[in-house]
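A.B. asks: Model the structure of this input:
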Amino acid sequence: YFEHLVEYAVAVCKECRYAVWPDQIEGHLQKQHKTLSEEARKVSKGIHCWAGLIRYPSEMELPKCIAAPIHQLPL
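C.D. replies: Coordinates of the predicted model:
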């Protein structure tokens, strides 16, 4: 369901290519992709175990320059 962009420490939805905060994974799957609650909960729990994942927007440091496009994110 999600890809871990280690370089930027974020989780990106593979279907809609949207970066989602860990605490919003379950709701994102249920609302945007009509995923059943139990499945969404399992996915969310798994993503919370990813090492180095930014948990809150305040932890995000935007890069000043990006050398190449981030293919997982739409332009």
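
A.B. asks: now residue 40, what's its secondary structure?
C.D. replies: helix (DSSP: H, G, I helix; E, B strand; the rest coil).

A.B. asks: ok, now how distant is the closest residue to residue 57 other than its chain neighbours from residue 69?
C.D. replies: Nearest non-adjacent residue to residue 57, counting by CB to CB, 6 or more residues apart in numbering: residue 21, 7.0 Å away. All C-beta atoms are positioned from the backbone trio N, CA, C, and that covers glycine. Per CB to CB, to the nearest Å, residue 21 is found 22 Å from residue 69.

A.B. asks: and if you look at residue 42?
C.D. replies: Per CB to CB, residue 42 is found 31 Å from residue 69.

A.B. asks: Please identify which of these two sits among more neighbours.
C.D. replies: Of the pair residue 42 and residue 69, residue 42 is the one with more neighbours under other CB atoms under 10 Å, namely 15 against 9.

A.B. asks: Distance-wise, check the more buried one relative to residue 33.
C.D. replies: Counting by CB to CB, the gap from residue 42 to residue 33 is 14 Å.

A.B. asks: how far away is the residue nearest to residue 57 from residue 31?
C.D. replies: Look at residue 21 and residue 31: by CB to CB, they are 14 Å apart.

A.B. asks: Let me know the helix or strand that the spatially most central residue of the chain is in.
C.D. replies: In the chain, the C-alpha closest to the average C-alpha coordinate belongs to residue 11, at a distance of 2.2 Å (CA atoms, centre = their mean). Element membership for residue 11 (DSSP states H and E) is strand 10-13.

A.B. asks: so what does the helix or strand following that strand touch, helix or strand wise?
C.D. replies: Downstream of strand 10-13, the next assigned helix or strand under DSSP H and E is strand 19-20. Applying 3 or more CB pairs under 8 Å, 6 or more residues apart in numbering; DSSP states H and E, we find strand 19-20 packed against strand 10-13.

A.B. asks: what's next to the strand it packs on, contact-wise?
C.D. replies: Defining contact as CB atoms under 8 Å, 6 or more residues apart in numbering, one finds that strand 10-13 is touched by 1-5, 18-20, 22, 25, 28, 32-33, 47, 50, 53-54, 60, 72-73.

A.B. asks: Sweet, I'm off.
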